[in-house]
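*Asks:* sequence-free structure coming up:
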Ligand code: SF4
Ligand code: SF4
């Protein structure tokens, strides 16, 4: 396991920024491990979620933002529900992912591509158009044959619309997303 030198690598500004953006107090974590015990994606994480919390208390920005875990989090909120100290851990994971996007630490490019395709669809139609999202994702990642056998089954059962439906007020939704993308580029 990598040895962390707290005298030279602690980044207090990072701890404050995560606390401010998430409106959570990372110092309340006492490492009980309940969040990790309930995390359904722990098996693919490079750093378990309770250890992310400990690294956060220690201001280890590079290690956290460079991890795969923050991109593989499913935002299921099991960690939040299980935390005895009422820390919204899932929200902290969200904030860390946003920070990683802003600062160019994307370790799971396909996850980012999928999120971007989803956002693009909502920005355009005011709601997600599943087929359009999938097609954009496939075109951008070149994964033309992955899960291709599922397409006919899903379409035959009418589970996926073949035409996009726009909602009323989609312009307002688009403005919200533009604001988010603007924040991200700052
Ligand atoms: S929100 Fe993320 S970190 Fe928390 S339990 Fe779910 S997958 Fe794990
Ligand atoms: S459940 Fe809460 S207190 Fe326990 S390790 Fe996770 S964040 Fe820390």
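*Replies:* All right, it came through fine. Owing to the predicted nature of the structure, the values given are computational and were not obtained by experimental measurement. Ligands and ions are numbered 1, 2, ... in the order given.

*Asks:* which is the next helix or strand following the helix-or-strand element of the chain with minimal mean pLDDT?
*Replies:* When the helices and strands of the chain are compared on mean pLDDT, DSSP states H and E, helix 6-9 comes out lowest with a mean of 75. For helix 6-9, the following helix or strand on the C-terminal side (DSSP states H and E) is helix 12-22.

*Asks:* who's in contact with that next one?
*Replies:* With contact meaning C-beta atoms under 8 Å, 6 or more residues apart in numbering, helix 12-22 is reached by 24-26, 56-57, 59, 61, 88, 91-92, 94-96, 98-99. For glycine as for every other residue, the C-beta is placed from the backbone atoms N, C-alpha and C.

*Asks:* ok, back up a step: which helices and strands does the least confident helix or strand of the chain pack with?
*Replies:* Packed against helix 6-9, as judged by 3 or more C-beta pairs under 8 Å, 6 or more residues apart in numbering; DSSP states H and E, are no other helices or strands.

*Asks:* where are the low-confidence patches of this structure?
*Replies:* Within the chain, the ranges that satisfy pLDDT under 70 run 1, 183-186.

*Asks:* let's see it at 80
*Replies:* Across the chain, the ranges flagged by pLDDT under 80 are 1-8, 180-186.

*Asks:* and it, which residues reach ligand 2?
*Replies:* Residues of the chain lying close to ligand 2 (C-beta under 6 Å from any ligand atom) are 29-35, 50, 53, 82-85, 87, 89.

*Asks:* from the middle of its chain, how far away would stretch 36-44 be?
*Replies:* Relative to its parent chain, stretch 36-44 has a centroid offset of 15 Å by C-alpha atoms, centre = their mean, to the nearest Å.

*Asks:* same deal with stretch 96-103?
*Replies:* 9 Å.

*Asks:* next, the angle helix 12-22 makes with the helix or strand containing residue 94.
*Replies:* Element membership for residue 94 (DSSP H and E) is helix 89-102. Put simply, helix 89-102 runs at 120 degrees to helix 12-22, going by axes from the mean of the first three to the mean of the last three C-alpha atoms, to 10 degrees.

*Asks:* by contact count, what packs against helix 89-102?
*Replies:* helix 12-22, helix 49-57, helix 61-65, helix 69-72, helix 78-82, helix 170-185.

*Asks:* one more time with 7 Å
*Replies:* Here helix 89-102 touches helix 12-22, helix 61-65, helix 69-72, helix 78-82, going by 3 or more C-beta pairs under 7 Å, 6 or more residues apart in numbering; DSSP states H and E.

*Asks:* what's the following helix or strand after it?
*Replies:* helix 109-125.
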